[in-house]
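J.: No letters, just coordinates:
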Ligand code: SF4
Ligand code: SF4
Ligand code: SF4
């Protein structure tokens, strides 16, 4: 195995190949606090990419309620149980990754879902856990019943387990943008990728007998546009962007600012070792013991930064730019209460106010109508 540096783990790790980083890396940021589980993203992906033969139950994008939601059933608890203790020493991961813990003769520690495990994408939807007698109070947010929505697509990992496991070299990472694709003409349907991907984001098509996965909406990315699941998002909580490594972080670039400068957006299960490239602003109302296992040691810092955004115009301005344009932002700036997004030529794409204007309409409640006393609230008066 080759030694590669995984900055999310703060250390080198073993990976089956020498894996050069792409020229730039596709990334998505999700603000879990704003999701309403409307599934518009799921349907946008499905109606664009997976409406064909054998794709009936295939959801490249899914929204699951944590802690009880899974697609497929048990995807994360299964791999975490296999991996054993996952200890962090500060910001350095001290446990093993799925590559380092691979059984003899295999490249990745994995498991295979049963066909039926894919049949219940809304399992556990809206089911809370915790102390059900107390509702959310900001000063004491952890003594409560809680659940939250997790937005899941392929992570277009820097060190993809699907690529590592494929005996046909049918899966590849594009050098121009880091998007991970399956060459279906090379795939022979061995499903090694399905077993290896700990996020279970490669899926087997029972009709065509080859594997498929989220394609990062690459035809849109090539035109400078954000993905389908981003542009339809009702909650305006998604951002499609490109991410640098920490040593090359540019604070003018949206993803670099959120991931490397503010450290407000965190990877999903970084301890698995794939350096996933979808980042999450963690939910502020969920016990940190739970979210730390999911998003690593930076959770409390991310929550503090997020709750402080009201006093941080730059951060607030960037969050307001989410969902404001279909085009991919190259850089952003905040001046005089306005957040601006720019393309690679430095031309302005869009601008939005950092604070939405509040308009209070005058309201007169009529006490008498046509000579009769008014008996109820009149809408649209
Ligand atoms: S999330 Fe899974 S399918 Fe996607 S690149 Fe990573 S290992 Fe491959
Ligand atoms: S990026 Fe595109 S292909 Fe991937 S889940 Fe979103 S809509 Fe589907
Ligand atoms: S469209 Fe946005 S708000 Fe709706 S479920 Fe998807 S991520 Fe959540």
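T.: Sure, I can see it. Please read all numbers here as calculations on a predicted model, not as lab measurements. Ligands and ions are numbered 1, 2, ... in the order given.
J.: Residue 150 falls within a helix, correct?
T.: No. Assignment of residue 150 by DSSP: H, G, I helix; E, B strand; the rest coil gives strand, placing it outside any helix.
J.: so what pLDDT did it get?
T.: Looking at residue 150, its pLDDT stands at 98.
J.: Could you do residue 290 as well?
T.: At residue 290, pLDDT is 94.
J.: Wasn't it part of a strand?
T.: No. Assessed by three-state DSSP, residue 290 does not belong to a strand; its assignment is helix.
J.: Am I right that it is in contact with residue 67?
T.: Yes. Taking contacts as C-beta atoms under 8 Å, residue 290 lies within contact range of residue 67: 6.9 Å. To be clear about C-beta, it is placed using only N, CA and C from the backbone, and glycine gets the same treatment.
J.: Show me what from the stretch 201-350 of the chain comes close to ligand 2.
T.: Residues of the stretch 201-350 of the chain lying close to ligand 2 by C-beta under 6 Å from any ligand atom are 214, 215, 216, 217, 227, 228, 229.
J.: Just the ones in helices from those residues, please.
T.: When those are checked against helices (DSSP state H), the matches are 228, 229.
J.: all strands for the stretch 1-150 of the chain, in order.
T.: 2-6, 11-15, 25-31, 62-66, 88-89, 92-93, 129-130, 145-146, 148-152 (DSSP state E, counting those that start in this stretch).
J.: Just send those back as JSON lines, with mean neighbour count and distance to residue 295 too.
T.: Formatted as JSON lines, the strands of the stretch 1-150 of the chain follow (neighbours: other C-beta atoms under 10 Å; distance: least, C-beta to C-beta, whole Å):
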{"stretch": "strand 2-6", "mean neighbour count": "15", "distance to residue 295": "16"}
{"stretch": "strand 11-15", "mean neighbour count": "18", "distance to residue 295": "18"}
{"stretch": "strand 25-31", "mean neighbour count": "25", "distance to residue 295": "11"}
{"stretch": "strand 62-66", "mean neighbour count": "22", "distance to residue 295": "11"}
{"stretch": "strand 88-89", "mean neighbour count": "14", "distance to residue 295": "11"}
{"stretch": "strand 92-93", "mean neighbour count": "17", "distance to residue 295": "13"}
{"stretch": "strand 129-130", "mean neighbour count": "16", "distance to residue 295": "18"}
{"stretch": "strand 145-146", "mean neighbour count": "17", "distance to residue 295": "15"}
{"stretch": "strand 148-152", "mean neighbour count": "23", "distance to residue 295": "10"}
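J.: Mind putting these into CSV with distance to residue 196?
T.: Shown next, in CSV, are the strands of the stretch 1-150 of the chain (distance: least, C-beta to C-beta, whole Å):
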stretch, distance to residue 196
strand 2-6, 17
strand 11-15, 12
strand 25-31, 20
strand 62-66, 19
strand 88-89, 24
strand 92-93, 19
strand 129-130, 30
strand 145-146, 32
strand 148-152, 17
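J.: Any chance of a markdown table for the ones you listed, columns distance to ligand 2?
T.: Converted to a markdown table, the strands of the stretch 1-150 of the chain look like this (distance: least, C-beta to the nearest ligand atom, whole Å):
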| stretch | distance to ligand 2 |
| --- | --- |
| strand 2-6 | 23 |
| strand 11-15 | 24 |
| strand 25-31 | 7 |
| strand 62-66 | 9 |
| strand 88-89 | 29 |
| strand 92-93 | 27 |
| strand 129-130 | 27 |
| strand 145-146 | 26 |
| strand 148-152 | 9 |
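J.: What residues does the stretch 151-300 of the chain have near ligand 3?
T.: Checking the stretch 151-300 of the chain against ligand 3 by C-beta under 6 Å from any ligand atom, the hits are 151, 232, 233, 234, 235, 237, 238.
J.: So the third one versus residue 129, what's the distance?
T.: The one in question is residue 233. Separation of residue 233 from residue 129 (C-beta to C-beta, to the nearest Å): 26 Å.
J.: now swap in the fourth one and tell me
T.: Distance of residue 234 to residue 129, computed by C-beta to C-beta: 25 Å.
J.: Burial check on the spatially closest residue to residue 176 that is not a sequence neighbour, number of neighbours?
T.: Of all residues not flanking residue 176 in the chain, residue 23 sits nearest, at 5.6 Å (C-beta to C-beta, 6 or more residues apart in numbering). Other residues within reach of residue 23, judged by other C-beta atoms under 10 Å, total 11.
J.: Could you verify my assumption that residue 23 touches residue 174?
T.: No. Assessed by C-beta under 8 Å, residue 23 is found out of contact with residue 174, at 9.2 Å.
J.: who's in contact with residue 120?
T.: 71, 73 (C-beta atoms under 8 Å, 6 or more residues apart in numbering).
J.: ugh, typo on my part, it should be residue 8
T.: 267, 270, 275, 276, 296.
J.: swap in residue 23?
T.: With C-beta under 8 Å, 6+ apart, residue 23 has these contacts: 175, 176, 177.
J.: What number of neighbouring residues does the last one come out with?
T.: Residue 177: 18 surrounding residues under other C-beta under 10 Å.
J.: would you say it is within a helix?
T.: No. Using three-state DSSP, the assignment for residue 177 is coil, not a helix.
J.: hmm, back to that, just checking, which of the residues of the stretch 151-300 of the chain next to ligand 3 belong to strands?
T.: 151, 238 (DSSP state E).
J.: Tabulate the contacts of residue 8 in CSV, adding columns for neighbour count and secondary structure.
T.: Compiled in CSV, the contacts of residue 8 are given as follows (neighbours: other C-beta atoms under 10 Å; DSSP: H, G, I helix; E, B strand; the rest coil):
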residue, neighbour count, secondary structure
267, 24, strand
270, 24, helix
275, 25, coil
276, 24, coil
296, 23, coil
